[in-house]
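Enquirer: Predicted model and sequence follow; I will ask about them next.
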Protein chains: 2
Amino acid sequence: MPSSLWYYRKREVTGVAMSNFKKLADARQFSAEKMKKNGLFETDRFFCDTYCFEPGQEQSAHTHAGQDKVYYVLEGKGLFTVGDEQRELGAGEIVLAPAGQNHGVANRSQQRLVTLVFVTPKPQH
Amino acid sequence: MPSSLWYYRKREVTGVAMSNFKKLADARQFSAEKMKKNGLFETDRFFCDTYCFEPGQEQSAHTHAGQDKVYYVLEGKGLFTVGDEQRELGAGEIVLAPAGQNHGVANRSQQRLVTLVFVTPKPQH
């Protein structure tokens, strides 16, 4: 069996066993290299992830033509850009990046930044 | 001008002024009568709300044929049902109710329960 098929099957099995119930603490992983996305849920309709930023890391401004995205700040502070607006948000604050609007996040603080992220609908590529 | 048209226009103006940036503390409203949904964001693709439960209040088990829903617990503890599974979740825990699966929430505790909720796609009715 080619190793790629084995990998696919392994992922499938993992998917079946995956619980609908999760702790966000289990999806709080950072990377020294760049900001890290940790998957929580994925269906045909949406993604739900955490994005974890070390101090100085960022997600460069970009646009999704057909997807809305929501960031909810769990921990730390981030500089969020949506369209022409830019604001620093902390824990308990939430921001919508509607489809077609340029958006990005920068951690300019000395602390880690963790956000919960929803993207819908799921990109088709 | 009929009053319904005036109301529609007022809503439109409110919509235009509505910010993409919000504090969840501003959407933390309870009702003595039943659990309260407070709207945060709404697009053509999804809803994002808080659901606020006084002790003893609940959202009865129900099913959406075509919508996925995610509950993230912000405060308190709730008994969450998805399909055949039932678990008590507290702050920092998250649950997916996939389309077609029966789901509900009950606050059996003595404290208030607040959850962040995403529903996608937006129901067409």
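Expert: Thanks, I have it. Numbering: from 1, shown residues only, chains lettered A, B, ... in the order given.

Enquirer: Which residues of chain A lie near chain B?
Expert: Chain A comes close to chain B at residues A:20-25, A:40-41, A:43, A:45-46, A:48, A:67-68, A:70, A:72, A:80, A:82-83, A:85, A:87, A:89, A:92-99, A:116, A:118, A:120-121, as judged by Cβ under 8 Å from any Cβ of the partner chain. (Each C-beta comes from the backbone N, C-alpha and C, glycine too.)

Enquirer: quick one: A:Asn107 from A:Ser60, how far?
Expert: 13 Å (Cβ to Cβ, to the nearest Å).

Enquirer: These two: which is more packed in?
Expert: A:Asn107 (24 against 9; other Cβ atoms under 10 Å in any protein chain shown).

Enquirer: was I right about the more buried one contacting A:Gly56?
Expert: Yes. Look at A:Asn107 against A:Gly56 with Cβ atoms under 8 Å: they come within range, at 6.5 Å.

Enquirer: what about A:Phe118, helix or strand, and which?
Expert: strand A:113-120 (DSSP states H and E).

Enquirer: now that strand: how far from the chain's centre is it?
Expert: 4 Å (Cα atoms, centre = their mean, to the nearest Å).

Enquirer: So what are the sheet partners of that strand and their directions?
Expert: If you go by DSSP bridges, strand A:113-120 pairs up with strand A:47-53 (antiparallel), strand A:68-75 (antiparallel).

Enquirer: could you redo the ones you listed as CSV and give each row mean neighbour count and mean pLDDT?
Expert: Formatted as CSV, the strands paired with strand A:113-120 follow (neighbours: other Cβ atoms under 10 Å in any protein chain shown; pLDDT from 0 to 100):
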stretch, mean neighbour count, mean pLDDT
strand A:47-53, 22, 97
strand A:68-75, 21, 98
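
Enquirer: quick one: which of the ones you listed is nearest A:Gln111?
Expert: strand A:68-75 (7.9 Å; Cβ to Cβ).

Enquirer: Going toward the C-terminus from the closest one, what's the next helix or strand?
Expert: In the C-terminal direction, the helix or strand that comes right after strand A:68-75 (DSSP H and E) is strand A:77-82.

Enquirer: Could you tell me how many residues sit around A:Gln124?
Expert: The tally of other residues near A:Gln124 (other Cβ under 10 Å) stands at 6.
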